[in-house]
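Novice: The sequence isn't on hand, but the structure is:
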């Protein structure tokens, strides 16, 4: 099966080992893609686990879980990704549907932080 993150790679060589907690993300982009896959596959625990411990308490878990459960995800397009040292940025567009509403687009620039050798999502800014 091709990975749901849009990388074109087989799931077992892409996000599968990350969501199975057998491997850590090697870059902010890999973490971003795996978090998208977690939303698609409804693995909310992975979303929480990969959120920066310094900002995790600011995360509205109930609202995000509800949004995930009510949405079906169409695709992901990574527009840009970079990292230097322990900081990284990924800009992406994700398309999704909620109920009978028309398809929606979410364009975000996400910030990532490497802490104790592991990448975490730390903040996101909607673009546009």
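Specialist: Nice, I can see it. All figures in this text were calculated on a predicted structure; none of them were measured in a lab.

Novice: can we go C-alpha only for contacts and neighbour counts from here?
Specialist: OK.

Novice: Can you show me the helices along this protein?
Specialist: All helices of the chain, identified by DSSP state H, fall at 16-19, 28-40, 44-49, 61-70.

Novice: which residues sit against the longest strand along the chain?
Specialist: The residue-count maximum for a strand in the chain (DSSP state E) belongs to strand 71-84. Contact with strand 71-84 is made by 4-6, 27-29, 36, 39-40, 88-99, as judged by Cα atoms under 8 Å, 6 or more residues apart in numbering.

Novice: roughly how far apart are the residue of the chain most remote from its centre and residue 72?
Specialist: Relative to the mean C-alpha coordinate of the chain, counting by Cα atoms, centre = their mean, the farthest residue is residue 100 (24.0 Å). Per Cα to Cα, to the nearest Å, residue 100 is found 11 Å from residue 72.

Novice: Apart from its chain neighbours, what residue comes closest to residue 18?
Specialist: residue 24 (5.8 Å; Cα to Cα, 6 or more residues apart in numbering).

Novice: Any idea which helix or strand in the protein has the lowest mean pLDDT?
Specialist: Ranked by mean pLDDT, DSSP states H and E, the weakest helix or strand in the chain is helix 61-70, scoring a mean of 92.

Novice: Quick check: which helices or strands does that helix pack against?
Specialist: helix 44-49 (3 or more Cα pairs under 8 Å, 6 or more residues apart in numbering; DSSP states H and E).

Novice: What average pLDDT does the helix it packs on get?
Specialist: Per-residue pLDDT values across helix 44-49 average out to 96.

Novice: Residue 124: how many residues sit nearby?
Specialist: 15 (other Cα atoms under 10 Å).

Novice: Ok, residue 101 next?
Specialist: Other residues close to residue 101 by other Cα under 10 Å number 8.

Novice: and if you look at residue 45?
Specialist: The number of residues near residue 45, taken as other Cα under 10 Å, comes to 12.
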